[in-house]
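**Student:** Kindly generate the corresponding structure for this input.
(one chain, ligands or ions: 1)
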Amino acid sequence: MYFLGAALSNIVIATRESRLALWQAEHVQALLQERGHAVSLLGMTTRGDQILDKSLSKVGGKGLFVKELELALEEGRADIAVHSLKDVPMDLPEGFVLACVLEREDPRDALVSPRHASLDELPRGAVVGTSSLRRVVLLRALRPDLRIEPLRGNLDTRLRKLDEGQYDAIVLAAAGLKRLGLEHRIRVAFDPDTMLPAAGQGALGIEVRADRTDLIALLATLSHPRDWLATAAERAVSRSMGGSCSMPLAAHARWQADGALRIDAAWGDPEGHAALVRIHAQAPAADFAQAGALGERAAALLRDAGAH
Ligand SMILES: NCc1[nH]cc(CCC(=O)O)c1CC(=O)O
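**Tutor:** Predicted coordinates for the structure are as follows:
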């Protein structure tokens with residue numbers, strides 16, 4: 001076996017300790033081990049994991065899941081942090097970079113329900129669990145009669161609350177269920193045109209300190225360029241809209257047969273007064289500049305259509 005360059009002594013991955021976070025960290029560990037590197041995990045609990053009783057949008061949003069991991073990188077206790085890209089703030093703090101985006105898992109939202117096979121089959125007034133404002137506004141547009149109730153906790157907790165009968169159905173990311181071997185719980189994966197996914201959904205991103213050029217070069221070998229460009233366009237929509245957990249925003253980019261990148265985006269009024277705004281745009285996206293410009297164009301179209 002040949003190794004390009006010297007193998008780094010031991011790469012430490014900082015990770016949250018939920019089953020999904022550990023799966024994701026172990027996935028990256030395995031990819032790096034295949035390339036001849038020694039890799040260990042440093043598990044840690046983040047503020048986002050501790051605050052389980054409130055909606056994330058009320059307590060400070062996406063950054064909550066990544067700050068403690070960044071501190072470990074800052075202090076040299078760990079080398080890399082593996083994140084669900086969806087949870088990574090659009091602009092990382094000074095001194096940190098996204099070193100790569102891996103091949104994306106299923107980006108769709110999924111309906112999970114013990115008794116009902118699809119959204120259409122839910123009875124009038126059925127209770128659906130989700131704490132994502134994006135899912136709330138999209139569900140409300142599809143089925144205004146449903147009672148949408150907050151649902152927090154890691155994947156296992158959410159499924160337990162469903163199985164205990166607190167909800168008739170819940171909506172989760174298909175990617176998390178598939179990674180944990182829970183694909184059989186999915187009743188339907190929503191067509192992205194019906195339930196438009198969040199920017200970055202299903203993708204993993206690896207964060208490092210900007211000065212770790214050794215790691216940046218090594219991690220480039222794990223990246224999936226097409227998924228990275230597509231998610232970069234999606235994240236540019238959020239960045240341009242000033243998106244956070246408190247803004248119901250969806251952005252999903254797909255490569256077209258002609259090689260162009262098509263992006264669909266939706267914005268909902270958090271108060272539920274304005275109608276859902278939905279747009280799409282398409283352009284070549286051969287590099288990050290073009291992908292970013294496409295995302296910004298999509299954001300401008302959203303604003304033109306009434307999003308704010
Ligand atoms: N916000 C929590 C979160 N962050 C990433 C995933 C799932 C996996 C992914 O999208 O990569 C989930 C759970 C969910 O939305 O159901």
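
**Student:** make it CA atoms for all contacts and neighbour counts henceforth
**Tutor:** Will do.

**Student:** Now do the same contact list for the residue positioned nearest the centre of the chain.
**Tutor:** Among the residues of the chain, residue 86 comes closest to the average C-alpha position under CA atoms, centre = their mean, at 2.2 Å. By CA atoms under 8 Å, 6 or more residues apart in numbering, residue 86 lies in contact with 198-203.

**Student:** tell me which residues of stretch 273-283 are tucked away?
**Tutor:** For stretch 273-283, a neighbour-count test (16 or more other CA atoms under 10 Å) marks 276-283 as buried.

**Student:** If you could redo that for stretch 254-270, that was the one I meant.
**Tutor:** Quick answer for stretch 254-270 (16+ other CA under 10 Å): 254-255, 261-269.

**Student:** Just the ones of those residues in strands?
**Tutor:** 254-255, 261-267 (DSSP state E).

**Student:** Would you point out the most distant pair within these?
**Tutor:** Greatest spacing in these, by CA to CA: 255 and 267 (21.6 Å).

**Student:** does residue 22 sit in a helix or strand, and which one?
**Tutor:** helix 19-34 (DSSP states H and E).

**Student:** quick check: mean pLDDT across that helix?
**Tutor:** For helix 19-34, mean pLDDT rounds to 97.

**Student:** cool, stretch 146-162 as well?
**Tutor:** The model assigns stretch 146-162 a mean pLDDT of 95.

**Student:** any chance of the ones in strands among the buried residues of stretch 254-270 in JSON lines, with pLDDT too?
**Tutor:** Shown next, in JSON lines, are those (pLDDT from 0 to 100):
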{"residue": "254", "pLDDT": "98"}
{"residue": "255", "pLDDT": "98"}
{"residue": "261", "pLDDT": "98"}
{"residue": "262", "pLDDT": "98"}
{"residue": "263", "pLDDT": "98"}
{"residue": "264", "pLDDT": "98"}
{"residue": "265", "pLDDT": "98"}
{"residue": "266", "pLDDT": "97"}
{"residue": "267", "pLDDT": "95"}
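
**Student:** From residue 10, how far off is the closest residue to residue 105 other than its chain neighbours?
**Tutor:** In this structure, residue 105 finds its nearest non-sequential neighbour in residue 202, 4.9 Å apart by CA to CA, 6 or more residues apart in numbering. Residue 202 sits 28 Å away from residue 10, going by CA to CA, to the nearest Å.

**Student:** dump the residue contacts of residue 122.
**Tutor:** Counting by CA under 8 Å, 6+ apart, residue 122 makes contact with 116, 168.

**Student:** what's the spacing between it and the ligand?
**Tutor:** Distance, residue 122 to the ligand, using CA to the nearest ligand atom, to the nearest Å: 20 Å.

**Student:** Quick check on that residue: phi, psi?
**Tutor:** phi -70, psi 130 (degrees, to the nearest 10).

**Student:** tell me which element the residue in the stretch 201-308 of the chain that the ligand sits nearest to falls in.
**Tutor:** Closest approach between the stretch 201-308 of the chain and the ligand, counting by CA to the nearest ligand atom: residue 202, at 3.3 Å. Using DSSP H and E, residue 202 falls within no helix or strand.
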